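> A structural model of the following input is requested.
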Amino acid sequence: MKKYVIKRILTLIPVLLVVSVVIFLLVHLAPGDPAAMMLGDQAQDAEIAALRERMGLNDPLPLQYVRWLGGVLRGNLGESVFIRDSMGNILMDHLRPTLALTVYALFLATLFAVPLGMLAAKYRGRLPDSLVSVTSMFGISMPSFLLGLLLILLFAIKWKVFPSSGYVSIAEGGLWAHLRSLTLPAIALGFIESGLIIRMTRSSMLEVLESDYIRMAKAKGVSVRSIFYKHALRNALISIVTVVGQSFMVLLGGATVVESVFDIPGIGQLTINSVMRRDYQVIQAVVLLVSVTNVLVSLAVDLLYGVIDPRARLENREGG
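Next up is the predicted model:
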């Protein structure tokens, strides 16, 4: 297993290298001049040229890339030309709200979707299955920003159960205030993914329930409850874990809209502001951070397979 983990980590290196090249080119080939934006509309061409020279923007792109990549490998992600703080502090200050929102949204989506998917599989073709299917379709079709506005209208303005916007950290207001500030945005963000998890759970459970060994267990008189929860659910977990891991990556990347609706100072708002200002260093650091997080989540999901399914551990030993 240890050899398998090392092998998987080594295979990620070329992937991250390609990602870094793509990130750098997309940012630097896009129109706009950060030096001109820093100095404003009244700046003279000579002033802009001098600032570009100091920032190293006149150097060839390959040289700029090598310089940036060398800094990244040393743990130096650069400095923002607009935010007077280290890049590490900038990322951490905005990453905490985004990670808290993403994890909370995924938790609520999984808690809501997996039992409903199991219920639909258990009562296939009957009323519960139809109701769950409608719920799943509604979740997939509803845009997160629209659901967020509806939640604000009902639970923040009309019933005043949750705050309409803002973010409260655990250090500032405690756990309860922290969760209250994230509940509505987490529901708005996670609801669309809950529809996908419902579908995957239902289809995976039905596939396992129709397999030969389940028929054999029924013929031997094993209880329906034992078959459903002990045998079918355990074997369906591989597919469920896969879609949950993918959902985390989708939620992390799609938190921008929800953060804007609920005024959460996360990575999404930082990215939008940096794009508007052409703040190269921040954009590169944010996209690289999200990409590395996605790669690590994929690795974690692969490793979970060995915990859930012993056959995966055997394949890893044989492959390693």
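
> in terms of helices and strands, where is the closest residue to residue 69 other than its chain neighbours?
In space, and not counting its chain neighbours, residue 69 is closest to residue 20: 6.1 Å by Cβ to Cβ, 6 or more residues apart in numbering. The C-beta positions use only the backbone N, C-alpha and C, and glycine is treated the same way. Per DSSP states H and E: residue 20 is located in helix 2-29.

> tell me the helix or strand right after that helix.
helix 34-39.

> report all helices and strands that that following helix contacts.
If you count contacts as 3 or more Cβ pairs under 8 Å, 6 or more residues apart in numbering; DSSP states H and E, helix 34-39 packs onto helix 45-55.

> and the residue nearest the centre of the chain?
residue 252 (2.3 Å; Cα atoms, centre = their mean).

> quick one, what contacts the closest residue to that residue other than its chain neighbours?
Ranked by Cβ to Cβ, 6+ apart and with sequence neighbours excluded, the top spatial neighbour of residue 252 is residue 102, at 4.9 Å. Each residue near residue 102 by Cβ atoms under 8 Å, 6 or more residues apart in numbering is listed here: 189, 248, 251-252, 255.

> which one of these sits closest to residue 28?
For the contacts of residue 102, the residue nearest residue 28 by Cβ to Cβ is residue 252; the value is 24.3 Å.

> quick one: that closest one and residue 267, what's the gap?
Counting by Cβ to Cβ, to the nearest Å, the separation of residue 252 from residue 267 is 8 Å.

> ok, back up a step: among the contacts of residue 102, which ones are in helices?
In this view, those that belong to helices under DSSP state H are 189, 248, 251-252, 255.

> top of these by neighbour count?
In terms of neighbours by other Cβ atoms under 10 Å, the ones in helices among the contacts of residue 102 top out with residue 189 at 31 neighbours.

> is it true that it touches residue 260?
No. Counting by Cβ atoms under 8 Å, no contact exists between residue 189 and residue 260, whose distance comes to 11.7 Å.

> count of neighbours near residue 69?
14.

> can you offset everything so residue one is 168?
Understood, numbering begins at 168; the last thing we discussed is residue 236.

> name the helix or strand for it, please.
Using DSSP H and E, residue 236 maps to helix 228-240.

> model confidence score at residue 177, please.
Here the pLDDT value assigned to residue 177 is 82.

> also residue 368?
Note on residue 368: pLDDT of 94.
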